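Enquirer: Requesting a structural model of the entry that follows:
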Amino acid sequence: MEKWLALFDACSGVSTDSRQIQEGCLYIALKGDNFDGNLFAEQAIAQGARFAIVDNPELANEENIFYVSDGLHFLQQLALAHRNRFEIPVLGITGSNGKTSTKELVNAVLQTKYNVLCTQGNLNNHIGVPLTLLQLNAQHELAIIEMGANKPLDIDELCRIAAPTLGLITNIGKAHLEGFINFEGVLQTKSELYDHVATLNGALFVNAEDHILLAAAQKKRSQILTYGEQHGELRGQLAYLDPYVHFSWSFQQYVSPVIDTQMVGKYNFFNFLAALRIGLHFEIEPSLLNRAIANYKPTNKRSQVEKTAHNTVIVDCYNANPSSMQSALNSFVEMEHPDKLVILGDMLELGAEGPAEHQKILDFVREHKLKLLTVGQIFREIDANGYAHVEDLKEQLAKDQIQDKLILLKGSRGIALEKLMDCL
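Expert: Numbering: from 1, shown residues only. Below is the predicted model of the structure:
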C-alpha cells in the first residue's frame, strides 16, 4: 500500500467521476451495472488527472494509468490506509432518521473550536465514505463520518474503512425494509457501529430515553455518554414549537437559557441534545454551543421552513419512512395554526409492508382530522382522492390556489414533492 499512498500523495485529490476531473487529481475507475469507469481513464488523463487507476489490464500502461484487481476495493483500502495516518477522533453517525441533520448540527458545534472534516451532502455509502476520508489532511483535528445502510453488514463495511473511535446512532426505525426484512435487522445492522467503536475502546453517545439503543450500548465495552429529556447526563426541556423548536438544556451545574432554533419538528429536539452532548465531550463552552445551535439553518429539504407569498411550508421531503413520517406528523399536530394541510408522498423501499404502513399513516391523519393530499402509487391504492404523480397535483394546485395555511410536505426523495413549491 505504500506505493499507492505515495501515488495518492503526489495528486491534488481523488475523483471517481470522469466528468469532474480536477487538475492533478487521481482518477479511480469504478464499475456498475450500467457503466464502466475504465473506459474513461484516458479521457481523465487528457482532462488533467495526474494518474488513473483501472481494473482492466488492457487499459493500463503502468506510466500514468495503473492496474489493480478491483477498483472499488482499492478505493476503500486506500482510504483506510490514509485514515490510519491520523490519530484523531473519528465520529461515526448512523440511524434510521435524522443522521444527516444531526451530522450537520454536530459539525456546526464542533467547528466553533476545531478544524473538522465532515461528510458532505449524503456521501454516506461504500463510495462516499472513502472519498470523504481521502480528504483528511494534517490540519484536521476531528472527523465526522455519516454512515448509511440499506442491508445487513453495510455499517460493518463502512466501519472497517473509517475505523470510528466514537459512535452515535440517532434512532432505530422502519427504513429500507426491503433490504433489512424487519426491525430486528435494522437494529442489528446499525449496532455494528457500536461493535467497532468497542474494539477501539471508544465512546458511544446514546439517547437515554431510547431503551433499545441504551441496552445495546450497555452490552459493549465502551464509555457511554448520555442525553435525554427525563434521563441522561445532559437533559433538555422543550419550551414550545411555533413551528420552530425552542428548548433549554442542563448539564451538571449549568442551565441554559431558552435557545431559539431555526429548525422545525419535535423530532429534532433529540438531535440538538446529541450535538450538545458531543460538544461538551470536546470541552466546548456552553455559550458557543448555544450560539452554534441557534445559528444553524437547514438548507437540504430537511426541516426547512419556507414562507411563500401565500403559505408557510415545512419542507421535509428529502426522505421518508414510517418512523420519520410519524414523527413529523406528531410534531405537526402539536403546532398551533388555524388552518393546517398535510401533503404526503409515498414512502419507498418498504417491500411487502408498504401498503400496511401507508394505511397506518392515513389512519393517523384522519384520526386527527388533518386536511390531506397524497401523492404516489402506494397512497393512491388506499386513498381514492390521491394523486398518482406530483405533476398531477401540481396541475390541480395551479388551478385552485391554496392560501393562508401551514403546510407539511413529507415524502420519499423519489416522489419529489418540492416540485409543488411553485404552487404553494
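Enquirer: all contacts plus neighbour counts: C-alpha atoms, from now on.
Expert: OK.
Enquirer: Need the pLDDT of residue 88.
Expert: At residue 88, the predicted lDDT confidence score is 97.
Enquirer: same check, this time on the one 4 residues further on
Expert: Residue-level confidence at residue 92 comes out at 97, pLDDT.
Enquirer: so how far is the helix or strand containing it from its chain's centroid?
Expert: Using DSSP states H and E, the element containing residue 92 is strand 90-94. Mean-position distance between strand 90-94 and its chain equals 11 Å (CA atoms, centre = their mean, to the nearest Å).
Enquirer: after it comes which helix or strand?
Expert: Using DSSP H and E, the helix or strand that follows strand 90-94 in sequence is helix 99-110.
Enquirer: State the paired neighbours of the helix or strand following that next one in the sheet, together with their directions.
Expert: The helix or strand immediately downstream of helix 99-110 is strand 116-118, counting by DSSP H and E. Taking DSSP bridges as the criterion, strand 116-118 forms sheet pairs with strand 142-146 (parallel).
Enquirer: With only the CA atoms kept, save the strand it pairs with in CSV.
Expert: The C-alpha trace of strand 142-146 is given here as CSV (Å, rounded to 0.1, in the frame of the first residue of the first chain):
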residue,chain,number,x,y,z
LEU,A,142,-11.7,15.7,14.1
ALA,A,143,-13.7,13.8,11.5
ILE,A,144,-17.4,13.3,11.3
ILE,A,145,-18.4,10.4,9.1
GLU,A,146,-22.1,9.8,8.2
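Enquirer: Now do it: everything it contacts.
Expert: With CA atoms under 8 Å, 6 or more residues apart in numbering as the contact definition, strand 142-146 has outside contacts at 88-94, 99-100, 103, 107, 114-119, 122-124, 129, 132, 162.
Enquirer: List the contacts of residue 228.
Expert: Contacts of residue 228 by CA under 8 Å, 6+ apart are 207, 208, 209, 234, 235, 236, 270, 273.
Enquirer: and the strand holding residue 92, what does it pack onto?
Expert: If you count contacts as 3 or more CA pairs under 8 Å, 6 or more residues apart in numbering; DSSP states H and E, strand 90-94 packs onto strand 142-146, strand 166-169.
Enquirer: Would you format those strands as JSON lines with mean pLDDT, mean neighbour count and distance to residue 152 included?
Expert: Output for the helices and strands packed on strand 90-94, formatted as JSON lines (pLDDT from 0 to 100; neighbours: other CA atoms under 10 Å; distance: least, CA to CA, whole Å):
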{"stretch": "strand 142-146", "mean pLDDT": "98", "mean neighbour count": "25", "distance to residue 152": "17"}
{"stretch": "strand 166-169", "mean pLDDT": "97", "mean neighbour count": "27", "distance to residue 152": "16"}
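Enquirer: can you pull out the helices in the stretch 1-150 of the chain?
Expert: 2-9, 41-46, 71-83, 99-110, 128-133 (DSSP state H, counting those that start in this stretch).
Enquirer: Between the ones you listed, which one is closest to residue 422.
Expert: Nearest to residue 422, of all these, is helix 99-110, at 24.9 Å by CA to CA.
Enquirer: what comes into contact with the closest one?
Expert: Counting by CA under 8 Å, 6+ apart, 93, 116, 118, 121-122, 144, 146, 169-170, 271-272, 274-276, 278-279, 282, 284, 288-289, 292-293, 296, 298, 302 sit against helix 99-110.
Enquirer: Show me just the buried residues among the residues you listed.
Expert: 93, 116, 118, 144, 146, 169-170, 271-272, 274-276, 278-279, 284, 288-289, 292-293, 298, 302 (16 or more other CA atoms under 10 Å).
Enquirer: Can you get me a residue count around the closest residue to residue 38 other than its chain neighbours?
Expert: Among residues not flanking residue 38 along the chain, residue 29 sits closest, at 5.1 Å (CA to CA, 6 or more residues apart in numbering). Look at residue 29: counted by other CA atoms under 10 Å, it has 26 neighbours.
Enquirer: Could I get the pLDDT score of residue 29?
Expert: At residue 29, the pLDDT value in this model is 97.
Enquirer: That one and residue 55 touch, don't they?
Expert: Yes - the criterion here is CA atoms under 8 Å, and residue 29 meets it with residue 55 at 7.4 Å.
Enquirer: where do the contact lists of those two overlap?
Expert: Joint contacts of residue 29 and residue 55 (CA under 8 Å, 6+ apart) are 38, 71.
Enquirer: check contacts around residue 64.
Expert: 45, 50, 51, 52.
Enquirer: Out of the residues you listed, who's the most crowded?
Expert: Of all the contacts of residue 64, residue 52 has the most neighbours under the rule other CA under 10 Å, reaching 28 neighbours.
Enquirer: so who does that one touch?
Expert: Contacts of residue 52 by CA under 8 Å, 6+ apart are 26, 27, 28, 29, 41, 44, 45, 64, 65, 66.
Enquirer: Just list whatever residues bridge to it.
Expert: Beta-bridge partners, per DSSP bridges, of residue 52: residue 27, residue 65.
Enquirer: What separation do you get for it and residue 409?
Expert: Remark: distance between residue 52 and residue 409 (CA to CA, to the nearest Å) = 44 Å.
Enquirer: Quick one: classify the residue nearest to residue 210 when sequence neighbours are not counted as helix, strand or coil.
Expert: Leaving aside its chain neighbours, residue 210 sits nearest to residue 171 (7.7 Å; criterion: CA to CA, 6+ apart). Under DSSP: H, G, I helix; E, B strand; the rest coil, residue 171 falls in the coil class.
Enquirer: Which residue ranges of the stretch 151-300 of the chain form strands?
Expert: 166-169, 203-207, 223-228, 234-241, 244-251, 254-255, 259-264 (DSSP state E, counting those that start in this stretch).
Enquirer: Start and end of stretch 343-358, how far apart?
Expert: End-to-end distance of stretch 343-358 (CA to CA): 13 Å.
Enquirer: same check, this time on stretch 109-123
Expert: 20 Å.
Enquirer: Rounded mean pLDDT for it, please.
Expert: Averaging pLDDT residue by residue across stretch 109-123 gives 95.
Enquirer: What residues of it count as buried?
Expert: Result for stretch 109-123 [16+ other CA under 10 Å]: buried residues 109, 110, 111, 112, 113, 116, 117, 118, 119, 120, 123.
Enquirer: show me where pLDDT drops low in this structure?
Expert: 173-182, 300-301 (pLDDT under 70).
Enquirer: okay, now the domains of it?
Expert: Per automatic domain parsing, the domain ranges recorded for the chain read 2-70, 86-295, 304-423.
Enquirer: Which pair of the buried residues of stretch 109-123 spans the longest distance?
Expert: Greatest spacing in the buried residues of stretch 109-123, by CA to CA: 113 and 123 (24.3 Å).
Enquirer: This completes my enquiry, with thanks.
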